[in-house]
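J.: coords below, sequence missing:
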């Protein structure tokens, strides 16, 4: 289970550090951006408060005079309200400026000759204010005051690059918006075991076709098949292929058919003319090399073959897939030409090369047509082909039979199961860093 | 560290002048501003054509053009160990204290950081680009990055999106990745002295004409905009494989008199092209930061851009119109920008940009990162190996072997040529003499 992608480890470790870091940033942010109340400012506030208290005391003393008692009831609520407002502001931590304002206000009130009693009442409230403020300043620890007044001073951290370093936050600040746009496994297709198995039948079908071709080669090399029977086989195959295409194709005009026939007749003529050359082309190579080369070329062909569609007309196939399927096709043609040099006569060569080319070029196309026409027919055809191949190979050689059977089981049962098993390790990450995909086709 | 908290920094990247681009710009301006802050900065890059050896640039910025030839897209061939002797010599000669590598594509940067860690230097890495996770090329690059960043002291990214990307790619804890954006030289990118007439609206595009910069989007957008707004004209600066497509589009819609194709614009002339326009159009499909937008905004142009990568973080919402990378949405965004245009004052925008971005600010913030990196504890090889081992089942072991061989090679070099045999370069304070002349 240690096969998890690297990013997964990183993801798991996010949550605690993010939180921790955020707390840390809030703390250190204070020291960087705003240095709190400096000792000088602090002592000024205390001094002002003390002076204020002293003056208020004096005012209070002056105000306590018997003649003004009756007027007190009217003005006291007003003054009391004002003073308690200031009190709240003090508690909110707005600071020394307002204390000074407060003091000024009291002085003006007394200066313009308002009733001394009013001033006195105000003074008595302010004494309380001062006391509470002192308590607040002295008793509440520095840190909690800092964090309380931090919230109105600093704007929230924003996920932007402009404007320099954001006050109160380090450059490595990470908050909950980190990776919020990340999407995981959005394109993952949930696969079904049965469907994958059924799809894998196409691969085993083609494996069987290639195995049958190799069987024909072997029997021809052992002179079990005569050239006549080979040519007959070619004709039958060609006829069958045309029949299937005619049957399954939806829009097949007479012109297209004629086009096909003309092309194939050219092709056959060319092959017939060239067969003497193929007969002697690789004769000088020793037989061992021929067998080894042919075997490896057939394997290469199988490995690179485009199993998803037909090699002849791959509709909408990607560029690299046509490239590899071209290599695959060439490998198969070279393999059949190599075999041709070990055959006894020119007619043999013509028949065998034509047969191989027919199969390698057109079998994928025909099976694609069948599959498109009816899936059930495709399954029947494939299963029948598999049974027939297994039967013929069994008659040829036991070990080869076991090998083929093993391959078929591996392709059809083990591989789909394996694919489904490793699906759960699939881990896809998408996010704003991905290259945007264009929503239209680029016509070059 | 040398006197009073000043660092001696070696900037390493394959990308530096005379080559031109975002990374080159970044290294140059950052170095200049760090020198002004009193640090010593030396740049190391590979040789460009016949430019090889040591050169001095403005302000006494010393550049080592190491004689390694680039092999692909200005990258040196990855050699693993071949650069160790010369990097060691430079580090000792210049009495470097911090090595700062730039750009994940740069092989020279990766090698230098590896050797610097082996030799026990503190390293900082800046990532300038975004990378996906899906294709084989990205997987390989991400593994290389993971190797380099496994033991890096601090990392810097140019935008928050880039930070997310780097953290995911390298598995680095997010608190060790800093976000320090690029900046723009506002003194160089000034708006036109006289305001342009608004009878004809000019839209400027300056970018390499390649797929990743969204040249194909331009092909779709330009004819549409031209047919919608008869008073719009396009100026396209830049060259690249997609230029042919743009020219074809121009022929097809007979827009020869409304779409100017300037070809490649040298960086020194970018400003003069920008000031002829009202709107700057950026159609990139992926972008970590996009300096071009900054340059345009600094020239007082309203920007229309695709909403990709780090672009939405670059400018305040009232200075940019964002659109999805889709032709119809982009045409709508351009229409919106044309409506907004009367409210835009280029000079005002330029002044705002001055406040928003400055290289001095970038240098100060980078300085903090250096300080942090410098405070990281020293670790010996055995303490560092577990970090590499955790990079992956196979890759981890490979990385460890690479580091051990590097260590052995370094030990051998120390025997071969002891540190004290390497001559130390005297410090010449070129900045003070220069400022003296100016005064």
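T.: Noted; the coordinates are in hand. Quick caveat: nothing in here was measured; it's all calculated off a predicted structure.
J.: for the stretch 101-250 of chain A, list the residues in contact with chain B, please.
T.: Listed as neighbours of chain B in the stretch 101-250 of chain A under the rule Cβ under 8 Å from any Cβ of the partner chain: A:159-165, A:170-172, A:174, A:178-179, A:181-182. Just so you know, the C-beta spots here come from the backbone N, C-alpha and C atoms, and that holds for glycine as well.
J.: ok, now the stretch 301-444 of chain A?
T.: Residues of the stretch 301-444 of chain A lying near chain B (Cβ under 8 Å from any Cβ): A:428-429, A:431-436, A:438-440, A:442, A:444.
J.: and if we set it to 10 Å?
T.: A:427-444 (Cβ under 10 Å from any Cβ of the partner chain).
J.: inside helices: which ones of those?
T.: Assigned to helices by DSSP state H, none of these qualify.
J.: and the residues you listed, which are buried?
T.: Burial by neighbour count, judged by 16 or more other Cβ atoms under 10 Å in any protein chain shown, picks out A:429, A:430, A:431, A:432, A:433, A:434, A:435, A:436, A:438 from those.
J.: the domain parsing of chain A - what is it?
T.: A:35-153, A:199-430 (automatic domain parsing).
J.: I should have written chain B there, sorry.
T.: B:3-183+B:360-434, B:201-356.
J.: which stretch in these is the model least sure about?
T.: Among the domains of chain B, domain B:3-183+B:360-434 has the lowest mean pLDDT, at a mean of 89.
J.: now the strands for the stretch 51-200 of chain B?
T.: Remark: strands assigned in the stretch 51-200 of chain B by DSSP state E, counting those that start in this stretch are B:53-57, B:61-66, B:70-72, B:75-76, B:98-102, B:122-127, B:154-157, B:177-179.
J.: just checking: what are the partner strands of the shortest one?
T.: In this case it means strand B:75-76. Partners of strand B:75-76 in the sheet, by DSSP bridges, are strand B:70-72 (antiparallel).
J.: what's the strand it pairs with in contact with?
T.: B:14-15, B:19, B:45-49, B:76-78, B:105, B:107-108 (Cβ atoms under 10 Å, 6 or more residues apart in numbering or on different chains).
J.: and it, what's buried?
T.: residue B:70.
J.: what do you get for stretch B:340-359?
T.: Within stretch B:340-359, the residues scored as buried using 16+ other Cβ under 10 Å are B:344, B:346, B:349, B:350, B:352, B:353, B:356, B:357, B:358, B:359.
J.: check stretch B:323-334 too.
T.: B:323, B:325, B:326, B:327, B:329, B:330, B:331, B:333, B:334.
J.: those residues: which ones sit near chain A?
T.: Answer for these near chain A (Cβ under 10 Å from any Cβ): B:325, B:326, B:327, B:329.
J.: and for the third one, nearest residue in space, chain neighbours not counted?
T.: Beyond its immediate neighbours in the sequence, the residue positioned closest to residue B:327 (Cβ to Cβ, 6 or more residues apart in numbering or on different chains) is residue B:220, lying 3.9 Å away.
J.: give me the neighbour count for residue 178.
T.: Unless you meant another one, I'm taking chain A. The local packing of residue A:178 (other Cβ atoms under 10 Å in any protein chain shown) involves 19 other residues.
J.: correction: the question concerned chain B.
T.: Counted with other Cβ under 10 Å, the neighbours of residue B:178 add up to 21.
J.: contacts only, for it.
T.: Neighbours of residue B:178 in contact, by Cβ under 10 Å, 6+ apart: A:170-173, B:124, B:126, B:154-157, B:163, B:365-366, B:368-369, B:372.
J.: so for stretch A:256-273, mean pLDDT?
T.: For stretch A:256-273, mean pLDDT rounds to 88.
J.: please read the previous query as pertaining to stretch A:228-243.
T.: So the average pLDDT for stretch A:228-243 ends up being 89.
J.: just the helices in the stretch 251-400 of chain A please.
T.: For the stretch 251-400 of chain A, the helices defined by DSSP state H, counting those that start in this stretch cover A:254-281, A:287-304, A:319-340, A:346-357, A:363-373, A:375-396, A:398-409.
J.: same question, the stretch 101-250 of chain B
T.: Counting by DSSP H, counting those that start in this stretch, the helices of the stretch 101-250 of chain B are B:107-118, B:136-149, B:160-170, B:215-228, B:243-252.
J.: by contact count, what packs against the third one?
T.: Same thing as helix B:160-170. helix A:6-12, strand A:429-430, strand B:122-127, helix B:136-149, strand B:154-157, strand B:177-179, helix B:311-314 (3 or more Cβ pairs under 10 Å, 6 or more residues apart in numbering or on different chains; DSSP states H and E).
J.: and the third one, how far out from the chain's middle?
T.: If you compare the mean C-alpha spot of strand B:122-127 with that of the full chain, they lie 13 Å apart, counting by Cα atoms, centre = their mean, to the nearest Å.
J.: anything in it near chain A?
T.: No. Figure legend: strand B:122-127 not in contact with chain A (Cβ under 10 Å from any Cβ); closest approach 11.0 Å.
J.: name every strand pairing with that strand and say which way it goes.
T.: strand B:98-102 (parallel), strand B:154-157 (parallel).
J.: tell me the angle it makes with helix B:160-170.
T.: Between strand B:122-127 and helix B:160-170, the angle comes out at 120 degrees (axes from the mean of the first three to the mean of the last three Cα atoms, to 10 degrees).
J.: give me the contacts around the top helix by length along chain B.
T.: If you go by DSSP H, chain B has its longest helix at helix B:395-416. If you take Cβ under 10 Å, 6+ apart as the criterion, helix B:395-416 is touched by A:6, B:80-81, B:84-85, B:88-89, B:111, B:114-115, B:117-120, B:143-144, B:146-148, B:150-151, B:380-381, B:384-392, B:419.
J.: what angle separates that helix from helix B:136-149?
T.: Relative orientation of helix B:395-416 versus helix B:136-149 (the same axes, to 10 degrees): 50 degrees.
J.: how far is helix B:395-416 from where the chain is centred?
T.: The answer for helix B:395-416 is 30 Å, by Cα atoms, centre = their mean.
J.: mind listing what's buried in it?
T.: Buried, per 16+ other Cβ under 10 Å, within helix B:395-416: B:395, B:396, B:399, B:400, B:403, B:406, B:407, B:409, B:410, B:413.
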